[in-house]
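>>> Prediction below, plus the sequence it came from.
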Amino acid sequence: MQAAMRKPSSKEYLDLVKAIGECKSKTEEDGLMLREIEILKERFADTKRIDPKKMKEYLLRLVYIEMLGHDASFGYIHAVKMCNESNLVLKKVGYMTTTLFLDEGHELLILIVNTLQQDLKSDNHLIVCSALNAICKLTNADTIPQLLQSVVDQLSHPKELVRKKAILALHFFNQRAPSVVAPHLPRFRQMLCDKDPSVMGAALCALHDILALDPQPHRNLVPSFVNILKQVVEHRLPKTYDYHKCPAPFIQLKILKILALLGSSDKACSENMYAVLTDMLRRGENNQIGNAILYEGVKTISSIYPNPRLLEQAAEITARFMKSSNHNLKYCGIGALASIVRINAKYAVGHQMAVIDCLEDPDDSLRSKTMQLLYKMTKPGNIEVIVERMIQYLKAATDPLTKADTVSKVIELAERYAPTNQWFISTVNEVIEFAGELVTDSIAQNLMRLVAEGAGDEDEHADNELRVLLRIVSWVLGEYGLLSPTSSAAELVKALVDVSKRPGVGVALKGTVLSAITKIVAHSRIALPGEALELVKQAANSRSISLQQHAHELQGLTQSSAETLAVALPPDSSSEKIEVDEGLSFLDGFVQEALANGAKPFVPLEDRPLVGAKKIGRVNSGITAEHLPSAAASSTSGSSMQRSSSFGKRWGPGSNSIPEQTAPSARSGLSEQPAGRSEKEQFAASLFGDVNGSSPSSVPPAAPAPVPVPALVPEPVAEPPAPSPVDLLMDLSDP
């Protein structure tokens, strides 16, 4: 384009470019383009009078129209025609504009195939290069067979530029129609031996894509790649291929990627690479392109069969990256550490604090890369710490792709390493809370299956905690189930009854189910199905007063009028505040009438001293002070009073099984942290503690100090178990 614009044909063209730059709004720009479209349509009406050089200018003006978002399809045919010009500049402009205007599926492509075939046979290598460039843009699977042989013939062209572009065109053909190009794949291997480094470099790109699909048939090329890399590292290529004193860096990068593919899980191939990789790391330049080569070298070393010496070199390079103040090098260091930590996690120990600092860095890309490192380092010993950090990162993330990737990683780690079912459910719930729209159906199905199956017979308490979710679901169905357009009231009731029939269902869940059924029946006015009636009958005869109440409420409300139901169970009233008369003042008249008829007034519990003394005797297994000597009686009475006073602490809101006088020391011993360790160090210890096979949390706690026992004290007689709070209340209520 620059060559074509070097000598503009008219002032009209320059005025157009200037006017586009001076537009102050999109509206003004659109008006200018619409006027230009009308002008060009008038000019193209009579193409016989248009000079070829003038047509070149018009095509360039069409490019501006297309770039600014307007339709220039009326001039596409003129670009195709210009490809047939004999003049080199006009032909190149025709090919350039055609590749900009047309895609692989355009109907005008068929008109250019013959032109490409003719130009590939031209004696002018510049015309051949123009045709090869256009081939990579204008051919599809249907036209490739017609041009394939002509492109393969150019691999033997005397000009290295033509051979290079022919390899690129053949590479493009292989991407679009691999089966058609398959017989010619050995030509890529032959071009590795081309005397021109640029041709060899083009062949490397094609071979890398071929090896990525199946490296096994090409492992015999390892000596050739190693030899090429050795020549490059030893500066045997011309100086023109150097970049910032680094020899042919892009060829080195491509060969390293190829060696990583060929050496994976192959000890023999990897052993041929060790020497050249060591030399390459030793000669690495300390600049931007040199660091890129070192980073790719670390990735290659971590991909091939492990070598201890090379891994140590890779660890040193990684340490240099991690200690750098440059964020780009830190980013590379995190990526390199993620590569070598897959082989041996010990290399991450020396970078604990650096990794923690990267987690708190304001750079989003660095934090994201660090999260990927933690994902690869996750083990059963540090799963909770890592997932907690990943959820914190999820809360702060704003990019949808980042959030989706983090959600998938958290769920995968939770399913793989969850220490308990309760932890798994709480983790998934937290993910749903902050990124529910990104949770897939399969995750929800796994969670529901886990809730349904439970933890097994060995952990009944965990099962009960898991089924708390069923109470929530049952409540939601009762409150909002009738809003569903796909489920009827009868189907909702049946689903709730099925929940109540699950094994191990407790009283709380059955009560929630009965409450939900009551709301659905009251709002929909349907008759109770047979299974629901059976459930209500069982609840009415249950030993649980709560279930009996739910059952009688359901039976009573189903027989009530619509007005009563509207007052008792108004729709969507769960969040409304209810005024409760805690003093029960509406019973004042009834109480006064009972007192007037001779009923005894109520005596509060604390005002019943005789009942309290009676209870103390029961607590001491029926042994009262009158059965003991005076001294023993006084001491026993004191101990009895002390034991009695501890009931409130044991079962009340301040419940604690640790005696009051020993609680502070016991608690401090359980929660004490090592002295002199900061919060970051503690987090690093919990994160990397499992690297060497141990975890700080796995250290057994110190044994408690022995309690001194007075001498000559007979062994105490085992006391009966302490009564439950219900038993105490029943005893205290006895007259």
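Now that the structure is in, tell me what you want to look at.

>>> So residue 185 sits against residue 210, correct?
Yes - judged on CB atoms under 8 Å, residue 185 makes contact with residue 210 at a distance of 6.7 Å. Every residue, glycine included, has its C-beta placed from N, CA and C.

>>> The two - which one has more neighbours?
Taking neighbours as other CB atoms under 10 Å, residue 185 and residue 210 compare with residue 210 leading, 19 against 16.

>>> can you pull the pLDDT of the more buried one?
At residue 210, the pLDDT value in this model is 94.

>>> Residue 469 now?
With respect to pLDDT, residue 469 scores 69.

>>> What's the first helix or strand after whatever helix or strand residue 118 lives in?
Residue 118 is part of helix 113-120, with elements assigned from DSSP states H and E. Next along the chain after helix 113-120, taking DSSP H and E as the criterion, comes helix 125-138.

>>> Point out the other helices and strands that that following helix packs with.
Here helix 125-138 touches helix 88-101, helix 113-120, helix 144-153, helix 160-176, going by 3 or more CB pairs under 8 Å, 6 or more residues apart in numbering; DSSP states H and E.

>>> Between those helices, which one is closest to residue 390.
Between residue 390 and the helices and strands packed on helix 125-138, the shortest separation by CB to CB is 36.8 Å, and it involves helix 160-176.

>>> relative orientation of that closest one and helix 125-138 in degrees?
Calculated by axes from the mean of the first three to the mean of the last three CA atoms, to 10 degrees, helix 160-176 forms an angle of 20 degrees with helix 125-138.

>>> tell me what helix 160-176 is packed against?
Right, helix 160-176 is packed against helix 125-138, helix 144-153, helix 178-181, helix 186-191, helix 197-213 by 3+ CB pairs under 8 Å, 6+ apart.

>>> Output those helices in a markdown table, with distance to residue 551 appended to each entry.
Shown next, in a markdown table, are the helices and strands packed on helix 160-176 (distance: least, CB to CB, whole Å):
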| stretch | distance to residue 551 |
| --- | --- |
| helix 125-138 | 77 |
| helix 144-153 | 77 |
| helix 178-181 | 71 |
| helix 186-191 | 80 |
| helix 197-213 | 67 |
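
>>> ranking these by burial, who's on top?
Using mean count of other CB atoms under 10 Å, the stretch among the helices and strands packed on helix 160-176 with the largest mean neighbour count is helix 125-138, at a mean of 21.

>>> can you list contacts of stretch 203-220?
167-168, 170-171, 174-175, 185, 188-189, 191-192, 194, 221, 251, 254-255, 257-258, 261-262, 264, 266, 269 (CB atoms under 8 Å, 6 or more residues apart in numbering).

>>> buried subset of the residues you listed?
In the contacts of stretch 203-220, burial by neighbour count holds for 167-168, 170-171, 174, 185, 188-189, 191-192, 194, 221, 251, 254-255, 257-258, 261-262, 266, 269, counting by 16 or more other CB atoms under 10 Å.

>>> Do you know the pLDDT at residue 347?
On pLDDT, residue 347 comes in at 75.

>>> what's the answer for residue 193, then?
Looking at residue 193, its pLDDT reads 90.

>>> go on, residue 325?
Predicted confidence (pLDDT) for residue 325: 86.

>>> which SSE is it in?
For residue 325, there is no enclosing helix or strand under DSSP H and E.

>>> From residue 151, how far out is it?
Per CB to CB, to the nearest Å, residue 325 is found 50 Å from residue 151.

>>> what do you get for residue 140?
From residue 140 to residue 151 the distance is 15 Å (CB to CB).

>>> How about residue 596?
The gap separating residue 596 from residue 151 is 114 Å, by CB to CB.

>>> Likewise for residue 592?
Separation of residue 592 from residue 151 (CB to CB) stands at 109 Å.

>>> my guess is residue 348 meets residue 354, correct?
No - taking contacts as CB under 8 Å, residue 348 lies outside contact range of residue 354: 9.9 Å.

>>> picking up where we left off before, now the helices and strands packed on helix 125-138 in JSON lines, with mean pLDDT and distance to residue 333?
Shown next, in JSON lines, are these (pLDDT from 0 to 100; distance: least, CB to CB, whole Å):
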{"stretch": "helix 88-101", "mean pLDDT": "94", "distance to residue 333": "41"}
{"stretch": "helix 113-120", "mean pLDDT": "94", "distance to residue 333": "48"}
{"stretch": "helix 144-153", "mean pLDDT": "94", "distance to residue 333": "43"}
{"stretch": "helix 160-176", "mean pLDDT": "95", "distance to residue 333": "33"}
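
>>> Ramachandran coordinates for residue 243?
phi -140, psi 110 (degrees, to the nearest 10).

>>> So what sits opposite it in the bridge?
residue 246 (DSSP bridges).

>>> Spit out the contact partners of it.
Residue 243 neighbours (CB under 8 Å, 6+ apart): 249-250, 289.

>>> So residue 542 versus residue 592, what's the distance?
Residue 542 is 36 Å from residue 592, by CB to CB.

>>> The two - which one has more neighbours?
The neighbour count for residue 542 versus residue 592, taken as other CB under 10 Å, is higher for residue 542 (16 against 10).

>>> Tell me if that one really is in a helix.
No - counting by DSSP: H, G, I helix; E, B strand; the rest coil, residue 542 is not found in a helix; it is coil.

>>> Pretty sure it sits against residue 550.
No - counting by CB under 8 Å, residue 542 stays clear of residue 550, with 9.4 Å between them.

>>> what's next to stretch 127-134, contact-wise?
83, 88, 91-92, 95, 98-99, 112, 115-116, 119-120, 122, 151, 154, 157, 161-162, 165-166, 168-169.

>>> Over to stretch 92-111?
Residues from elsewhere that reach stretch 92-111 (CB under 8 Å, 6+ apart): 1, 3-4, 56, 59-60, 62-63, 66, 72-73, 76-77, 79-85, 112, 130-131, 133-134, 137-140, 143.

>>> Buried ones only from these, please, as a PyMOL command.
Entered in PyMOL, the line below selects the buried ones among those, by 16+ other CB under 10 Å:
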select buried, resi 4+56+59+60+62+63+66+72+76+79+80+81+82+83+85+112+130+131+133+134+138+139+143
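
>>> Touching, residue 413 and residue 375? I think so.
Yes - using CB under 8 Å, residue 413 is in contact with residue 375, at 7.0 Å.

>>> what residues are shared contacts of these two?
Joint contacts of residue 413 and residue 375 (CB under 8 Å, 6+ apart) are 386, 390.

>>> How far away from the center of its chain is the strand or helix carrying residue 551?
Assigned by DSSP H and E, residue 551 belongs to helix 545-558. Centre-to-centre, helix 545-558 and its host chain are 47 Å apart (CA atoms, centre = their mean, to the nearest Å).

>>> Give the other helices and strands that the helix or strand just after that helix contacts.
Next along the chain after helix 545-558, taking DSSP H and E as the criterion, comes helix 562-568. Counting by 3+ CB pairs under 8 Å, 6+ apart, the packing neighbours recorded for helix 562-568 are helix 507-524, helix 545-558.

>>> which of those helices sits most buried?
Compared across the helices and strands packed on helix 562-568, helix 507-524 shows the largest average neighbour count, a mean of 22 (mean count of other CB under 10 Å).

>>> Find the centremost residue of the chain, please.
Nearest to the centroid of the C-alpha atoms of the chain, with distances taken as CA atoms, centre = their mean, sits residue 406, at 2.1 Å.

>>> any idea how far that residue is from residue 394?
On the measure of CB to CB, residue 406 and residue 394 end up 5 Å apart.

>>> Between these two, which contacts overlap?
Common contacts of residue 406 and residue 394, defined by CB under 8 Å, 6+ apart, comprise residue 435.

>>> Dump the helices and strands packed on helix 562-568 to TSV, plus distance to residue 431 and mean pLDDT.
Shown next, in TSV, are those (distance: least, CB to CB, whole Å; pLDDT from 0 to 100):
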stretch	distance to residue 431	mean pLDDT
helix 507-524	25	84
helix 545-558	34	84
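
>>> what would those helices look like in TSV with distance to residue 400?
Converted to TSV, the helices and strands packed on helix 562-568 look like this (distance: least, CB to CB, whole Å):
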stretch	distance to residue 400
helix 507-524	36
helix 545-558	45
